[in-house]
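S.K.: predicted structure and sequence below. I'll ask about it afterward.
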Amino acid sequence: MVNVTAFLLVIMFGSSTWLTINAIWVELSLYTSRLPEGWSLPSYLSLIIQVFLNCFLFFR
């Protein structure tokens with residue numbers, strides 16, 4: 001049997017991390033006008049996110 005409480009907590013944890021990353025991408029246009037990195041910041045973020053997502057494939 002599946003514990004419903006644990007199932008809901010896992011869903012909430014997973015969606016909260018995904019929403020955080022999406023919130024950063026939504027606010028990125030505000031950051032690019034104020035930060036010295038400018039539009040290179042999205043490139044850095046894309047690279048960092050992809051590296052960390054691919055690291056989980058190797059350390060599984």
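M.R.: Happy to help now that I have it. Numbers count the residues shown, from 1 in each chain.

S.K.: could you pull up the residues touching the residue nearest the centre of the chain?
M.R.: Geometric centre of the chain, nearest residue: I21, 3.1 Å, by CA atoms, centre = their mean. Contacts of I21 were listed using CB atoms under 8 Å, 6 or more residues apart in numbering, and they are I49. In short, each C-beta sits where N, CA and C put it, glycine included.

S.K.: check which helix or strand covers it.
M.R.: If you go by DSSP states H and E, I21 is part of helix 4-26.

S.K.: so for that helix, mean pLDDT?
M.R.: Averaging pLDDT along helix 4-26 yields 89.

S.K.: quick one: it to chain centroid distance?
M.R.: On the basis of CA atoms, centre = their mean, to the nearest Å, helix 4-26 sits 10 Å off its chain's mean C-alpha point.

S.K.: which strands and helices sit next to whatever helix or strand comes next after that helix?
M.R.: For helix 4-26, the following helix or strand on the C-terminal side (DSSP H and E) is helix 28-34. Using 3 or more CB pairs under 8 Å, 6 or more residues apart in numbering; DSSP states H and E as the contact test, the elements touching helix 28-34 are helix 40-58.

S.K.: and the helix it packs on, average pLDDT?
M.R.: Here the average pLDDT along helix 40-58 is 86.

S.K.: so what's the gap between it and the chain middle?
M.R.: With CA atoms, centre = their mean, you get 9 Å for helix 40-58.
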